[in-house]
Every structure is written in C-alpha cells, then in structure tokens.
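Undergrad: Pasting a predicted model and its sequence here:
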Amino acid sequence: MITQLTKQDLIDFETEIADLFNQAHIRAPVHLYSGNEDAMLAVFRDIREEDWVCCSWRSHYQCLLKGVPCEEVKKEILAGRSISLCFPQQRVVSSAIVTGIVPIAVGIALAIKRTGGGNRVHCFMGDMTSETGIVHECIKYSTNHDLPIRFIVEDNEKSVCTETRQVWNQPVLTHEGTKHPKVVYYKYATKYPHAGAGVRVQF
Ligand SMILES: Cc1ncc(C[n+]2csc(CCOP(=O)(O)OP(=O)(O)O)c2C)c(N)n1
Ligand SMILES: [Mg+2]
C-alpha cells in the first residue's frame with residue numbers, strides 16, 4: 001500500500017467535499033464515491049508508487065490512495081478541477097470525456113513495454129464506459145500485446161440517471177464476474193447522485 005489511509009479516511013474526505021459542495025464553495029461539478037471503499041482498498045493493494053493510475057471524472061479516492069496529500073486534492077477540487085484531476089508527480093491522470101482516458105492508458109502501457117519499464121498502468125472506468133466499443137478494442141489490444149495494464153470496471157449500475165443494463169438490454173454486463181487476467185470488476189451502491197451531493201447548487 002502506498003498510503004496508510006483507511007476506509008473511514010476516504011469516507012470522511014468525500015463527506016467534507018459533499019458538505020463544501022452543498023454550501024456552494026465548489027463552483028464546478030463533483031462526482032463522489034461511496035460504498036466502494038473496501039473494493040478500492042483491495043484494488044490498491046496491487047498498485048505501486050511507480051505505477052500510473054488513469055481515471056475518469058470520478059477520481060478522489062484514487063488520488064488519495066496514490067499518495068496525493070489530502071490538502072492538495074482538496075485544493076484542486078475547490079479550484080473547480082474535480083472533474084479531471086491530474087497529479088503527474090504521483091502519476092495520476094484523468095479525463096472527463098467518457099472513454100477518453102482508456103486509449104491514453106493503453107498508450108502509457110505501450111510506452112512502458114517499449115522502453116522496458118517494470119511498472120504498470122491501472123485504468124479505472126464506470127460500467128457504461130466498460131460497455132463501449134473503444135474499451136473493447138483497448139482491452140483486446142492490451143491483451144493481445146500483453147501490455148502492462150489492468151482495467152478496473154466499477155459498476156454502480158448507472159450512466160448518469162440511466163440503467164446501463166436496460167440500455168443494452170443485457171442482464172449481465174460484459175465484464176461482470178470476469179476472470180480475465182487484465183480486468184477487475186466490482187459492483188457498488190453509492191449514496192450520492194451521479195454528480196453533486198444532493199443539493200441543487202447554481203454555479
Ligand atoms: C463523450 C461524453 N459523452 C457524455 C458525457 C456525459 N457523461 C459523463 S459521465 C457519464 C456516464 C458514464 O457512466 P459510467 O461509465 O457508468 O460512469 P459512472 O459515472 O457511473 O461512474 C456521461 C454520459 C461525457 N462526459 N463524455
Ligand atoms: Mg456507472
């Protein structure tokens with residue numbers, strides 16, 4: 001583990017951000033996690049300091065667990081950058097474009113392989129992202145070229161307010177319960193809405 005942060009530390013951080021958002025101290029969207037702390041800590045047991053962590057719009061836990069100091073993450077969120085947090089020093093990069101980060105993660109993994117590096121890439125994505133065409137291609141390419149990358153599918157069953165399984169008329173998602181060596185899947189139930197923290201805040 002890179003940090004000594006506990007499940008409660010993660011929850012406390014998101015709770016503080018939720019309060020700050022609801023009090024209109026953050027004048028930009030925030031996408032909060034909850035209910036996935038154990039799963040996230042388990043995923044991070046296999047992440048080392050020299051590895052790259054690639055994220056979407058929802059990345060507070062990854063930044064904290066990759067070793068970015070809490071105050072630094074909070075400062076960036078307060079500055080309105082929660083949606084695409086990037087901390088190159090700690091090797092965390094994010095994109096707020098659905099699927100945007102996935103080919104970038106594959107590119108980093110390809111560069112590591114070509115330069116003979118011993119580190120890896122860990123690419124986090126939501127359930128809807130995981131069902132897209134480009135993700136299929138990225139997983140296929142990474143598998144066939146045995147790139148040093150792992151994809152983590154975080155299933156909250158939703159794409160914003162839409163049920164992912166209903167959209168695709170697919171009761172079981174593509175990566176649900178997978179044993180693929182490069183894909184990790186977990187399901188969680190969040191208490192937060194897709195974005196924000198439950199209070200309508202006008203920017
Ligand atoms: C190209 C693009 N289209 C639409 C959006 C708006 N959008 C942001 S998050 C999201 C839902 C993605 O769902 P999922 O991959 O399951 O991630 P979750 O937010 O549930 O973690 C959408 C449609 C976007 N950011 N980028
Ligand atoms: Mg989702």
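TA: Arrived safely, thanks for sending. Numbers count the residues shown, from 1 in each chain. Ligands and ions are numbered 1, 2, ... in the order given.
Undergrad: contacting residues for the residue in the chain positioned nearest to ligand 2?
TA: Closest to ligand 2 within the chain is residue 126: 3.6 Å, counting by Cβ to the ion. From N, CA and C alone the C-beta is placed, and that goes for glycine too. Going by Cβ atoms under 8 Å, 6 or more residues apart in numbering, residue 126 touches 56, 58, 153, 154, 155, 156, 159.
Undergrad: ok, now residue 142?
TA: Applying Cβ under 8 Å, 6+ apart, the residues contacting residue 142 are 106, 109, 149, 151, 182.
Undergrad: could you say which helix or strand contains it?
TA: Here residue 142 sits within helix 133-144, counting by DSSP states H and E.
Undergrad: secondary structure element for residue 53?
TA: Residue 53 is part of strand 52-55, with elements assigned from DSSP H and E.
Undergrad: same question, residue 64
TA: Using DSSP H and E, residue 64 falls in helix 60-65.
Undergrad: tell me how far that helix is from the chain's mean position?
TA: 9 Å (Cα atoms, centre = their mean, to the nearest Å).
Undergrad: repeat for stretch 76-84
TA: So, by Cα atoms, centre = their mean, the centroid of stretch 76-84 is 15 Å from its chain's centroid.
Undergrad: Save the contacts of residue 126 as a markdown table, and put in neighbour count, pLDDT and distance to ligand 2 too.
TA: Below are the contacts of residue 126 laid out as a markdown table (neighbours: other Cβ atoms under 10 Å; pLDDT from 0 to 100; distance: Cβ to the ion, whole Å):
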| residue | neighbour count | pLDDT | distance to ligand 2 |
| --- | --- | --- | --- |
| 56 | 24 | 98 | 10 |
| 58 | 26 | 98 | 9 |
| 153 | 24 | 98 | 9 |
| 154 | 23 | 98 | 7 |
| 155 | 21 | 98 | 7 |
| 156 | 20 | 98 | 4 |
| 159 | 16 | 98 | 5 |
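Undergrad: Any chance of those residues in a markdown table with secondary structure as columns?
TA: Listed next are those as a markdown table, based on DSSP: H, G, I helix; E, B strand; the rest coil:
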| residue | secondary structure |
| --- | --- |
| 56 | coil |
| 58 | coil |
| 153 | strand |
| 154 | strand |
| 155 | strand |
| 156 | coil |
| 159 | strand |
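Undergrad: Quick check: phi and psi on the residue of the chain closest to ligand 2?
TA: When read as degrees, to the nearest 10, the backbone of residue 126 gives phi -80, psi 170.
Undergrad: Just the buried residues of stretch 79-99, please?
TA: By 16 or more other Cβ atoms under 10 Å, the buried positions in stretch 79-99 come out as 81-85, 87, 90-96, 98-99.
Undergrad: those strands in this protein, which residues are they?
TA: Along the chain, the segments classed as strands by DSSP state E run 52-55, 92-94, 121-126, 149-155, 158-159, 162-163, 183-187.
Undergrad: Name the nearest residue to residue 40, sequence neighbours excluded.
TA: residue 61 (5.0 Å; Cβ to Cβ, 6 or more residues apart in numbering).
Undergrad: isn't that neighbour right up against residue 11?
TA: No - counting by Cβ atoms under 8 Å, residue 11 is not a contact partner of residue 61; they are 9.8 Å apart.
Undergrad: Cool, thanks, talk later.
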